[in-house]
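K.L.:
Need the 3D shape of this:
(one chain, ligands or ions: 1)
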Amino acid sequence: EKGTYPHYMLKEMDEQPAVVRKIIQAYSNAEDELTIDDNILEAIKEADRLYIIAAGTSYHAGLIGKQYFEKIAGIPVEVHISSEFGYNMPLLSEKPLFIFISQSGETADSRQVLVRVKEELGFPALTITNVPGSTLSREADYTLLLHAGPEIAVASTKAYVAQVAVLSIAAYVAGKAKGKEIDFDLKTELAIAANGIQTMVDSKEELEQIAEDYLKIARNAFFIGRNLDFYVSSEGALKLKEISYIQAEGFAGGELKHGTIALIEEGTPVFALATQEQVSLNIRGNVKEVVARGANACIISMEGLEEEGDRFVIPKVHQLLTPLVSVVPLQLISYYAALHRRCDVDKPRNLAKSVTVE
Ligand code: F6R
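P.N.:
Down below sits the predicted model:
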């Protein structure tokens, strides 16, 4: 029930700090260390390559998961959009493990790949889902649950945050088990991120003002970032378009000059994420390029990397965990942009919560 909330989406965004804390608990053992099921850990360790298959927001979480498994656990990963996998099946490695990421566990595009992987190819599959007993969970060999609680709003928010958190834990536990040198304590860092998310959901007034200042009359909007910020930019653009119907595009800052910059006009809103230390200068360079062409740029940076003129600053969190926090202001900006346009936030036109057709 949404109780006193005007929309499920708002309630679900507010639940995000609690969801991360719940996940930390659910994936902790008696010694208070992060853990995952032994069989799943074994399956990940045995694989020579992970193939992440997902759609929409879950695909965006998968892109972040790739970085986690590669950087923390040293396991190569490919991420594929489920609807494309059928025609563009990559050459597979010898010992692949397929990972299906799906909030609902019912997405037909993903299921079609799962059936093929299991029945035709006979490879192992792990489903990461919010719904125990869902089709993708039942049909896979293994399941990791998101523990986000029911997500009712069509636009996915807390499930995305849960997906990123669970992926970080799986990669971390696998990295430890493989004896990788890991110089941070994920449990502590996730707890810090949960507090950071809390600060974000407590910043609604400021974010509503940003939505008003940048999107009130906008026909289109751009989201740019580099590295992890690029993936979060893609997710921010998807959130905005699906609930406010403002045409939005998320892309890598470096790609601007290869075409998209032609679209920048006087007043075009450009949201730039600047939470990644090693590319902070480059993304700020991209912002200068769009501002010189008239863009109305909104820089969202992170404590420690902020500069004068940044419109919004997220609390400092571990470099790998910035997506958990930086996505939240983008969700809230989209929410308020949709409200200002009197859109049906929880049930956007043309969309269904779970897409059970291919
Ligand atoms: C966007 C959104 C969709 C879903 C996609 C996959 O907010 O909700 O893009 O992420 O339809 O759905 P699941 O994760 O249920 O497989």
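
K.L.:
Do you know the pLDDT at the closest residue to the ligand within the stretch 51-200 of the chain?
P.N.:
Using C-beta to the nearest ligand atom, the single residue of the stretch 51-200 of the chain nearest to the ligand is Gly56, 1.9 Å away. In this view, the C-beta of every residue, glycine as well, is placed from N, C-alpha and C. For Gly56, the model assigns a pLDDT of 98.

K.L.:
residues contacting the closest residue to Lys353 other than its chain neighbours?
P.N.:
Spatially, and ignoring its direct neighbours in sequence, Lys353 is nearest to Val154 (5.2 Å; C-beta to C-beta, 6 or more residues apart in numbering). Taking C-beta atoms under 8 Å, 6 or more residues apart in numbering as the criterion, Val154 is in contact with 242-243, 346-348, 351-353.

K.L.:
what subset of these is also close to the ligand?
P.N.:
Subset of the contacts of Val154 in contact with the ligand: Glu242, counting by C-beta under 6 Å from any ligand atom.

K.L.:
Between the contacts of Val154, which sits nearest the ligand?
P.N.:
Top of the list for closeness to the ligand, among these and by C-beta to the nearest ligand atom, is Glu242 at 5.7 Å.

K.L.:
Among the contacts of Val154, which ones are in helices?
P.N.:
242-243 (DSSP state H).

K.L.:
Go through the contacts of Val154 and name the one nearest Asn39.
P.N.:
Lys353 (30.5 Å; C-beta to C-beta).

K.L.:
List the beta-bridge partners for Ser102.
P.N.:
With DSSP bridges applied, Ser102 shows beta-bridge pairing to Thr129.

K.L.:
Pull out the buried positions in the host helix or strand of Ala18.
P.N.:
For Ala18, the enclosing helix or strand under DSSP states H and E is helix 16-26. Neighbour-count burial for helix 16-26 flags 16-17, 19-24 (criterion: 16 or more other C-beta atoms under 10 Å).

K.L.:
What of stretch 191-203?
P.N.:
192-194, 196-198, 200-201, 203.

K.L.:
hmm, who's touching that stretch?
P.N.:
Contacts with stretch 191-203, where a contact means C-beta under 8 Å, 6+ apart, come from 13-14, 16-17, 20-21, 24, 161, 165, 312, 314-318, 321, 324-325, 328-329, 332.

K.L.:
Now do Asp344, the pLDDT please.
P.N.:
With respect to pLDDT, Asp344 scores 89.

K.L.:
and the protein, which residues reach the ligand?
P.N.:
So the chain meets the ligand at 55-58, 102-104, 107, 110, 155-156, 238, 242, 354-355 (C-beta under 6 Å from any ligand atom).

K.L.:
Quick one, which of these are buried?
P.N.:
So, of these, 55-58, 102-104, 107, 110, 155-156, 238, 242, 355 end up buried under the neighbour-count rule (16+ other C-beta under 10 Å).

K.L.:
Now, those that are in helices?
P.N.:
Among those, the members falling in helices (DSSP H) are 56-58, 110, 238, 242.

K.L.:
for the stretch 1-150 of the chain, what spans make up the strands?
P.N.:
With DSSP state E, counting those that start in this stretch as the criterion, the stretch 1-150 of the chain has strands at 49-54, 77-81, 96-102, 125-129, 142-145.

K.L.:
what's the last one packed up against?
P.N.:
Think strand 142-145. Here strand 142-145 is seen to pack against helix 38-46, strand 125-129, helix 158-177 when contacts are counted using 3 or more C-beta pairs under 8 Å, 6 or more residues apart in numbering; DSSP states H and E.

K.L.:
Paired strands for it, with orientation please.
P.N.:
Looking at strand 142-145 with DSSP bridges, its paired strands and their directions are strand 125-129 (parallel).

K.L.:
what residues does the partner strand touch?
P.N.:
In this structure, residues lying in contact with strand 125-129 by C-beta under 8 Å, 6+ apart are 40, 43-44, 97-105, 114, 117-118, 134, 136-137, 139-146, 163, 166-167, 170.

K.L.:
Are any of those buried, and if so which?
P.N.:
In those, burial by neighbour count holds for 40, 43-44, 97-105, 114, 117-118, 134, 136-137, 139-140, 142-146, 163, 166-167, 170, counting by 16+ other C-beta under 10 Å.

K.L.:
Can you tell me, leaving aside adjacent residues, what's nearest to the residue nearest the centre of the chain?
P.N.:
Compute the mean C-alpha point of the chain, and by C-alpha atoms, centre = their mean the closest residue is Ala61, 3.7 Å away. Using C-beta to C-beta, 6+ apart and skipping residues adjacent in sequence, the residue nearest Ala61 is Gln163, 3.7 Å away.

K.L.:
Surely that neighbour touches Ser58?
P.N.:
Yes - in this structure, Gln163 is within contact of Ser58 by C-beta atoms under 8 Å, at 6.3 Å.

K.L.:
Now list whatever residues contact both of the two.
P.N.:
Shared contacts of Gln163 and Ser58 (C-beta under 8 Å, 6+ apart): 101, 103.

K.L.:
hey, C-alpha coordinates of stretch 306-317 in CSV?
P.N.:
What follows is stretch 306-317 as a C-alpha-only set of coordinates in CSV (Å, rounded to 0.1, in the frame of the first residue of the first chain):
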residue,chain,number,x,y,z
GLU,A,306,33.0,19.5,-6.5
GLU,A,307,33.8,22.8,-8.1
GLU,A,308,32.2,26.2,-7.9
GLY,A,309,29.0,26.3,-10.0
ASP,A,310,28.1,22.6,-9.6
ARG,A,311,24.4,22.5,-9.1
PHE,A,312,24.2,19.5,-6.9
VAL,A,313,26.7,17.5,-4.9
ILE,A,314,26.2,13.9,-3.7
PRO,A,315,27.9,12.7,-0.5
LYS,A,316,31.2,11.0,-0.9
VAL,A,317,31.1,7.2,-1.4
